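Engineer: I'll drop the sequence and a predicted model, then ask my questions.
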Amino acid sequence: MAEEPGTTPGPDGATVEECEDMIRRSFRTPMVKFLREHMEKAGCGVGEKFFKAVNCDKKIAGGYVRGEGIMVCSNHMITQDDVNQVVKHELIHAYDDCRAANLDWADCAHHACSEIRAGHLSGDCHYKRELLRGYMKLRGHEQDCVKRRVMKSVIANPYCSKAAARDAMEAVWDVCYNDTQPFDRAP
């Protein structure tokens, strides 16, 4: 008898159903609540159907696609914290897309800006997370981490070469790193 789709976990991750439960639990965390409320205030409500748990072939944690919503790669999720982190990061992209009428994801600078904001504001680069990844640096770790993660993401954009990604990131860094909306300051 074949198993139902989504009931078999990935090689090291959760099943789609387990991930869906973790996505729903993430809605109760203060930052996810805050971001969803601000999406609503900006005119872009995000209901439960905006979030999808899927199995991913690529080695990514998740993604945001305009008009489709946020996907969380269940087969790459192990803990509730993993899911919370992806939901926060991708909600910042969704918020950027909502508030900027002219955001063009094919534009390396626009993509880099949203990645800078998502990396900086979501907590992706908190020093404890960086230690767990094997990066140990006492000063400047957060900005180094954000830059490393921005490059990884923007280079994956088919419209952005490595040089274009680096140039775009450097061109928008100060403005985007210091743009903490909808937060008063970086959380």
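Structural biologist: Nice, I can see it.

Engineer: hang on, isn't residue 32 packed against residue 88?
Structural biologist: Yes: the criterion here is Cβ atoms under 8 Å, and residue 32 meets it with residue 88 at 6.1 Å. Placement of C-beta: from N, CA and C, glycine included.

Engineer: find residues that contact each of those two.
Structural biologist: residue 26 (Cβ atoms under 8 Å, 6 or more residues apart in numbering).

Engineer: which strands and helices sit next to the helix with the most length in the chain?
Structural biologist: If you go by DSSP state H, the chain has its longest helix at helix 80-99. Here helix 80-99 touches helix 16-26, helix 30-41, strand 62-65, strand 69-73, helix 108-121, going by 3 or more Cβ pairs under 8 Å, 6 or more residues apart in numbering; DSSP states H and E.

Engineer: and it, which residues are buried?
Structural biologist: The neighbour-count check on helix 80-99 (16 or more other Cβ atoms under 10 Å) flags 82-98 as buried.

Engineer: for the residue positioned nearest the centre of the chain, give me its contacts.
Structural biologist: Centroid check for the chain by Cα atoms, centre = their mean gives residue 89 as the closest residue, at 2.8 Å. For residue 89, the contacting residues are 61-62, 118-119, 122, 124, by Cβ under 8 Å, 6+ apart.

Engineer: hmm, try it at 7 Å
Structural biologist: Applying Cβ atoms under 7 Å, 6 or more residues apart in numbering to residue 89 gives the contacts 118, 122, 124.

Engineer: kindly report the same for residue 118.
Structural biologist: Here residue 118 is in contact with 89, 92-93 (criterion: Cβ under 7 Å, 6+ apart).

Engineer: distance check, it against residue 16.
Structural biologist: 24 Å (Cβ to Cβ, to the nearest Å).

Engineer: and if you look at residue 92?
Structural biologist: From residue 92 over to residue 16 the distance is 24 Å, taken as Cβ to Cβ.

Engineer: with residue 167 instead?
Structural biologist: To residue 16, residue 167 is 39 Å away according to Cβ to Cβ.

Engineer: of these two, who's got more company?
Structural biologist: Neighbours were counted for residue 167 and for residue 16 using other Cβ atoms under 10 Å; residue 16 has more, 22 against 15.
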